[in-house]
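Chemist: Below are the sequence and a predicted model for it; my questions follow.
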Amino acid sequence: MRIALDPYMYRHLSLGAMVDKTAEPGYDYIELSPREDFFRARRHKARYSGTSL
């Protein structure tokens with residue numbers, strides 16, 4: 001049974017090509033590692049508030 005694949009090894013491909021390449025062996029779902037072209041909104045750096053949690 002193939003459920004999901006993290007296509008990190010296809011990171012050099014465009015997002016569309018990566019989706020196609022992941023579907024070829026029969027995967028229906030993709031678990032994405034952070035990709036700059038997919039997670040553009042998360043590009044800001046975390047700020048240190050100076051307080052501990």
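Modeler: Received it, and whenever you're ready, just let me know what you need. Residues are numbered from 1 along each chain as shown.
Chemist: When you work out contacts or count neighbours from here on, use the C-alpha atoms and nothing else.
Modeler: OK.
Chemist: list the contacts for the residue nearest to Tyr29 when sequence neighbours are not counted?
Modeler: Of all residues not flanking Tyr29 in the chain, Ala4 sits nearest, at 4.7 Å (C-alpha to C-alpha, 6 or more residues apart in numbering). By C-alpha atoms under 8 Å, 6 or more residues apart in numbering, the residues touching Ala4 are Tyr27, Asp28, Tyr29, Ile30, Glu31.
Chemist: among those, which ones are buried?
Modeler: Among those, those buried by neighbour count (16 or more other C-alpha atoms under 10 Å) are Tyr27.
Chemist: now, which of the contacts of Ala4 lie within helices?
Modeler: The helices, defined by DSSP state H, take in nothing from the contacts of Ala4.
Chemist: Can you tell me which of the contacts of Ala4 end up in strands?
Modeler: Tyr29, Ile30 (DSSP state E).
Chemist: just the contacts of Ala4 now: which is nearest Leu13?
Modeler: Comparing these against Leu13 with C-alpha to C-alpha places Ile30 closest, at 14.6 Å.
Chemist: Surely Thr22 is in contact with Leu5?
Modeler: Yes. The criterion here is C-alpha atoms under 8 Å, and Thr22 meets it with Leu5 at 7.2 Å.
Chemist: Any chance you could list residues touching both of these two?
Modeler: Ile30.
Chemist: Once you drop chain neighbours, what's closest to Ile21?
Modeler: One correction, residue 21 is Lys, not Ile. Closest residue to Lys21 apart from its sequence neighbours, by C-alpha to C-alpha, 6+ apart: Tyr10 at 7.8 Å.
Chemist: so how far is Val19 from the one you found?
Modeler: To Val19, Tyr10 is 9 Å away according to C-alpha to C-alpha, to the nearest Å.
Chemist: Neighbour count: those two, which is higher?
Modeler: Val19 (17 against 14; other C-alpha atoms under 10 Å).
Chemist: mind checking the SS state of that one?
Modeler: helix (DSSP: H, G, I helix; E, B strand; the rest coil).
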